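Novice: Have a look at this fold, sequence not included:
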């Protein structure tokens, strides 16, 4: 087991295609991760950096009162690097992949103490794509020298790559400030001819949002209990 620290950044935006009435929304998400850990004996270390960008279109509709669902196709790309000195052939292991994904965002407004609290779930799962993973024991030098691309680039689908990215948040309005509490989760598994990669992780988050300035009218008025975090 390795223990250490992780710095994680997530920026998600969901906006309408235009100012006109339209059910389609533009979804964009950027994730960055930086981590470092050591084993219990202190004889080995593991460092990791990863950057993920996702963009696509979600169709929004309201199946029942208070519930808003936006679902549709997304395109994602991830690039990163893992450093594991004990891996003599590949101490620097590359993360590189592209995916066509299915994404969904669900929001539910719940009236609490005369204010609207908002529950939100953000889910993503890959369907088709490709990723890079050299065969066991093969160095990047051997791959580049002998051009064994068929052993490095792997087409992916549900048969060899399964993943689910989750983000659950609760937005609590208080005056002009909205406090947010959340839980994030990641479960992923991918297989090559002779290797299996698995990753699981959970995290908690807390934050707040508020208006720093108003550019139209003073004072800036909002409806009681109106959550400004998401339209």
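Specialist: Cool, got the structure. None of the values given here were measured: they were computed from a predicted structure. Numbers count the residues shown, from 1 in each chain.
Novice: buried set for stretch 59-79?
Specialist: Buried positions in stretch 59-79, judged by neighbour count with 16 or more other C-beta atoms under 10 Å: 60, 68, 69, 70, 71, 72, 74, 76, 78. In short, each C-beta sits where N, CA and C put it, glycine included.
Novice: what comes up buried for the helix-or-strand element of the chain with minimal mean pLDDT?
Specialist: Per-element confidence for the chain was summarised using mean pLDDT, DSSP states H and E. The lowest value among helices and strands belongs to helix 140-146, with a mean of 76. Buried positions in helix 140-146, judged by neighbour count with 16+ other C-beta under 10 Å: residue 143.
Novice: Check stretch 150-169 too.
Specialist: Neighbour-count burial for stretch 150-169, counted by 16+ other C-beta under 10 Å, picks out 152, 154, 156, 161, 162, 163, 165, 167, 168, 169.
Novice: Secondary structure added to those, as a markdown table?
Specialist: What follows is the buried residues of stretch 150-169, written out as a markdown table (DSSP: H, G, I helix; E, B strand; the rest coil):
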| residue | secondary structure |
| --- | --- |
| 152 | coil |
| 154 | strand |
| 156 | strand |
| 161 | strand |
| 162 | strand |
| 163 | strand |
| 165 | strand |
| 167 | strand |
| 168 | strand |
| 169 | strand |
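Novice: what ranges do the strands span in this protein?
Specialist: Taking DSSP state E to define them, one finds strands in the chain at 2-16, 24-39, 45-61, 67-83, 92-112, 115-132, 153-156, 161-174, 177-191, 196-210.
Novice: who does the fifth one touch, helix- and strand-wise?
Specialist: For strand 92-112, the helices and strands in contact under the criterion 3 or more C-beta pairs under 8 Å, 6 or more residues apart in numbering; DSSP states H and E are strand 45-61, strand 67-83, strand 115-132.
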